[in-house]
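Chemist: got a sequence here, can you build the structure:
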Amino acid sequence: MKLKYAILYVDSVPATLKFYKNAFGFETKFMHEAEDYGELDTGDTILAFSSLKLMTELGKNPANANPDNPAFELAFETTEVDRWIKQSVENGAKLIQQATVQPWGQTTAYVADQNGFLIEICTPIG
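Modeler: Residues are numbered from 1 along each chain as shown. Got it, this is the predicted structure:
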């Protein structure tokens, strides 16, 4: 078994895909013609987005993300944490925490996307 994809529920799939391209350089892998579902090309595990509207129509009860009370975070690993903080904020992310070197030697920073999802930008460990 392997983790294939994670789907986050958002107001606008096209706007979200555009944000992740501009803020982090991820290309769109797939966009459904109805624009209610899309995927980013992020490597082995797909990061996907579905509209809150579609999920409601499917009988789910989706909630909005809250960066002040997150239930999870996305983590993007890079050796250029400061570059990606700057680029993401310039493209609409909200800075949550500046880059900080952790006791285990990893540098981490946090931003929130326009949907309120918490994103960790971090260096590799070790």
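Chemist: so what's residue 70 closest to, chain neighbours aside?
Modeler: With CB to CB, 6 or more residues apart in numbering as the criterion, residue 70 has its nearest non-adjacent residue at 4.2 Å, and that residue is residue 118. Quick note: C-beta positions are derived from backbone N, CA and C, even for glycine.
Chemist: right, and that neighbour touches residue 110 too?
Modeler: Yes: in this structure, residue 118 is within contact of residue 110 by CB atoms under 8 Å, at 6.1 Å.
Chemist: and the helix or strand containing residue 14, what does it pack onto?
Modeler: Per DSSP states H and E, residue 14 falls inside helix 13-24. With contacts defined as 3 or more CB pairs under 8 Å, 6 or more residues apart in numbering; DSSP states H and E, helix 13-24 has these neighbours: strand 27-31, strand 37-41, strand 46-51, helix 81-90.
Chemist: okay, these, which one's buried deepest?
Modeler: Compared across those, strand 46-51 shows the largest average neighbour count, a mean of 20 (mean count of other CB atoms under 10 Å).
Chemist: average pLDDT for it?
Modeler: Here strand 46-51 scores 96 as its mean pLDDT.
Chemist: what is it packed up against?
Modeler: strand 5-10, helix 13-24, strand 37-41.
Chemist: same thing but 10 Å
Modeler: Counting by 3 or more CB pairs under 10 Å, 6 or more residues apart in numbering; DSSP states H and E, the packing neighbours recorded for strand 46-51 are strand 5-10, helix 13-24, strand 27-31, strand 37-41.
Chemist: given the first one, what are its sheet partners and their directions?
Modeler: The partner list of strand 5-10 in its sheet, established with DSSP bridges, is strand 46-51 (parallel).
Chemist: same for the next helix or strand after the strand it pairs with, what does it pack against?
Modeler: Next helix or strand after strand 46-51 toward the C-terminus (DSSP H and E): helix 52-57. For helix 52-57, the packing partners by 3+ CB pairs under 10 Å, 6+ apart come out as strand 5-10, helix 13-24.
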